[in-house]
Every structure is written in structure tokens, then in C-alpha cells.
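Trainee: quick one, structure for this:
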Amino acid sequence: MATMVSTKPVIKSGTGGKAPGPNGNGSKHRNGHEFLGPDPHANRYRIGMWVVLASIGMLFTALSSAYVVRAGGGGDWVAIRMPRVLLLSTALILVSSVTIEISKRNLKASSLGGHSRWLLLTMLLGLAFLGSQLLAWKELARQGVYLASNPAQAVRDPASGEIRGASADLARELGRRIGVPVTLIPSANPQTVIEAVSKGDADIGFVAYAPSRAGTVDFSQTYMLVRQSFLVPENSPIRSVEDIDQPGRRIGGGRGDSITLFLARTLKRATLIETDNTPADAKRKFAAGEIDAFGANRQRLTNLMAELPGYRMLPDNIFDVPQTIIVPKGKTGVLAEINQFIDDVRASGFLAQAIEKSRIPGIDVAPAGYGYGKAE
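Mentor: Next up, the predicted model:
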């Protein structure tokens, strides 16, 4: 005799010795089968579901509280314009909640066709929700103002997290004047800023002008000049920028940096050595004797000199990097408004005050009609 043990609900067939029921077979159901007792695992599943829901609710509450406290407790909080497509996302969630419930009820009623149709509709609504989230993210990205990782333009305050600097102040002032919120997004290098603006992921960007960067964006007039010099070992025979371009000298510069692009065009006798744009690589190349001097703006050199005892900065500058605001190629109207804005903040003294407040060494207001200087 074989015995079988099942964890499924017990199913009892036939009359089982009972008196005949209404349908003549002893069962309370017309199909002649009777389910005895509830699923012993049902309560366990139900409790697990409520635990998960409670955890999600607590996480949502904690994140909401953090948002309220952070938004109201710091002067560096930047408001953003909420994309309207998020309203559609909310509607899609609500409707899909209704359709999945209808699908469930159809399944209980043994209407497999209705169950399948409503379940398919729920899945389509879920895909539409994901698409709306992608659209919302793209709209948020388009609100961004990209800044290259250039301390002369802007830096992030380590204590408050606020992005501050002359360029950051200009971006916020521009947003205030035209009545739109501004999101400042630091970027790894000028090329990523240019790509973001040219693709429409950002409305404007702050980068230094260089002829090699033209093509997919338009540059504004110069609003600020950033002085460029060199760091050398204390015992180096290099005493001024006039000593840089000499036979046998190896001059370092960050890949894609303005001074590197300038040196690539102008060095005749010295050899240009590119670094990966990090202070660590510059220090490593100095320690290994791979470079005799390293060129950058004075703020970067000041920061690097603090980490390299026994090094000094040259007293003069090789050239001034023109800082500009870029807009997508062909947006002549936008470019004209940006140039007018620069004229206004220069004339009002706002730009000079922003530069002074930044306390960044080696930057100055560009005079009207300056052009692009040696960078052209």
C-alpha cells in the first residue's frame, strides 16, 4: 500500500459516508469536491507582506523627513522645478493598482480570459510608468547648469556641501533674473560639459574658451580671466615663464586643460607631458622625475603646493585663460541674452563682488571687448 503526504489543502472526493447533499453526491459544492480548512501558510505569507509594507513605509517616512529638514535647514539648497510628467507617473501607479485588483478578482471567479487581459494591461501600465520616469529624469537633467571641475569657477564647500564661486553666483543670478530654478552640476572635465550642453542635457555650461572646443557649442564673450603659471621644485633653474620653453625641459599639464591645449600649440623646444588631470598624477610624475614643471591655474597650483613641500610657484603668468558661458550651437538668441547678462553684471559690479567673495587667487574680471586673448 502506498502512502502520499501533501502540503496542499486536503481534497476530499465523493460522499465519504455523508448523507447526500443538495446535488445528490454528499458534497456542499456542485463539483463534488470539498476543500477542508484554510492554507496553513496563508497567515505566514500575510504577516510577511505586512512586514515588508511596514519597512517600505518607514523608509519613505525617513527619506521624506530628511528632505524636509535638509531643504529647510541649509542656505545652499537649490530648488528644482518638478517635471509635470511625474503627475502622469502617479496616475499610472493608481490605475495599475486598480487593474491588478480586477485581474485578481477575475482569477478567483475562474475567468482566465478576463484575468489575462487585466494582467496584460497592468504590465503595459508598468512599462508606461518606467518610461515616464525616464522622461522626468531627462527633464531634471535639462534644468542643470554644468560646471567643469575648475576651482577658479566653483568649488564645493566641504562643510556645507554648497557649490560656491564666481561662476556659481553668476548661474544663480541668471536664474533669478529669468525666473527659473538652477541646478549646478559639477563635471569631471570641460569636454563632458560641452557634450552635455550640445546634447541638450544642460541649458548652459561654464568652460574656458579654446579653439579646439568650438564646433558643437557657441561661446559667450569672456567674463573672467584665470591666470596660468607653473609649479617647479625649489632648486629648479626655472625662475620665470621665459625659462619654460627650453631644450630638454619636460612640462606637465592636465589632459584637456586650457594651459595644456595652449602649450601644445606654442611649445617649440620643451616637451609636453600630459597628466590624468589629478593632483596625485602630477605629484607622482614630479617624484619620478618625469616632469620639470607643472602648469595650471594659480588656484590649482596653490592647492598642489600645499601638498608638495619644497616646491614653489613662478611669480609671473604665461597667459590668461578666458572663461566663458557656452550654449548649444545655433542658439543665437540665447547667446545674445547671455552676452547682455555678462555686460550687466560687469557694469553693476556684481561680477567683481562674486570674484572677491570666492577668495580664489589669480582670477580677475575680463574687461569689455577683451576677446579670447592668447587662447585664440
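Trainee: for Ser258, see how far away Leu314 is.
Mentor: Between Leu314 and Ser258 the computed distance is 17 Å (C-beta to C-beta, to the nearest Å). Every residue, glycine included, has its C-beta placed from N, CA and C.
Trainee: out of the two, which sits in the busier spot?
Mentor: Set side by side, Leu314 and Ser258 show more neighbours around Ser258, with 28 against 22, by other C-beta atoms under 10 Å.
Trainee: contacting residues around the more buried one?
Mentor: Pro190, Ala208, Ala210, Val226, Gln228, Val321, Ala375 (C-beta atoms under 8 Å, 6 or more residues apart in numbering).
Trainee: just name the closest of these to Arg346, please.
Mentor: Nearest to Arg346 among those is Val226, at 16.0 Å by C-beta to C-beta.
Trainee: assign that closest one to helix, strand or coil.
Mentor: When classified by DSSP: H, G, I helix; E, B strand; the rest coil, Val226 comes out as strand.
Trainee: could you list everything it pairs with in the sheet?
Mentor: Per DSSP bridges, the residues bridged to Val226 are Val321, Ile363.
Trainee: how about the contacts made by it?
Mentor: Asn150, Ala152, Ala208, Ser258, Asn297, Arg298, Gln299, Asp320, Val321, Gln323, Gly362, Ile363.
Trainee: and it, how far is that from Val207?
Mentor: In terms of C-beta to C-beta, Val226 sits 11 Å off from Val207.
Trainee: with Asp292 instead?
Mentor: 28 Å.
Trainee: name the residue in these two with the higher neighbour count.
Mentor: Neighbour count, other C-beta under 10 Å: between Asp292 and Val207, Val207 has more, with 28 against 24.
Trainee: most neighbours among the contacts of Val226, which one?
Mentor: Of those, with other C-beta under 10 Å as the count, Val321 tops at 30 neighbours.
Trainee: how many neighbours does Ala91 have?
Mentor: 14.
Trainee: can you pull the poorly scored residue ranges out of the stretch 1-150 of the chain?
Mentor: Applying pLDDT under 70 to the stretch 1-150 of the chain picks out residues 1-42, 70-81, 140-150.
Trainee: if we use 80, what do you get?
Mentor: 1-45, 67-83, 137-150 (pLDDT under 80).
Trainee: helices of that one, start to end?
Mentor: 42-73, 85-108, 112-142 (DSSP state H, counting those that start in this stretch).
Trainee: distance to Glu234 for the ones you listed - can I get that in JSON lines?
Mentor: Below are these laid out as JSON lines (distance: least, C-beta to C-beta, whole Å):
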{"stretch": "helix 42-73", "distance to Glu234": "46"}
{"stretch": "helix 85-108", "distance to Glu234": "58"}
{"stretch": "helix 112-142", "distance to Glu234": "46"}
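Trainee: of all these, which lies closest to Glu337?
Mentor: Judging these by C-beta to C-beta, what sits closest to Glu337 is helix 112-142, at 17.4 Å.
Trainee: what packs against that closest one?
Mentor: helix 85-108 (3 or more C-beta pairs under 8 Å, 6 or more residues apart in numbering; DSSP states H and E).
Trainee: ok, and for the helix it packs on, which residues are buried?
Mentor: Residues of helix 85-108 classed as buried by neighbour count (16 or more other C-beta atoms under 10 Å): Val85, Leu88, Ser89, Leu92, Ser96, Thr99, Ile100, Ile102, Ser103, Asn106.
Trainee: for it, give me every contacting residue.
Mentor: 112, 114-115, 118-119, 121-122, 125-126, 128-129, 132-133, 135-136, 139.
Trainee: just the buried residues of helix 85-108 now: which is nearest Leu351?
Mentor: Val85 (36.6 Å).
Trainee: gap between that closest one and Gly131?
Mentor: For Val85 relative to Gly131 (C-beta to C-beta), the value is 9 Å.
Trainee: equivalent analysis for Pro367, please.
Mentor: Applying C-beta to C-beta to Pro367 and Gly131 gives a distance of 50 Å.
Trainee: so between the two, which is more surrounded?
Mentor: Gly131 (14 against 10).
Trainee: circling back: now the two most distant members of the contacts of helix 85-108.
Mentor: Leu112 and Glu139 (40.9 Å).
Trainee: so these two - more neighbours on which side?
Mentor: Neighbours were counted for Leu112 and for Glu139 using other C-beta under 10 Å; Glu139 has more, 16 against 10.
Trainee: quick one: contacts for the more buried one?
Mentor: Pro83, Val85.
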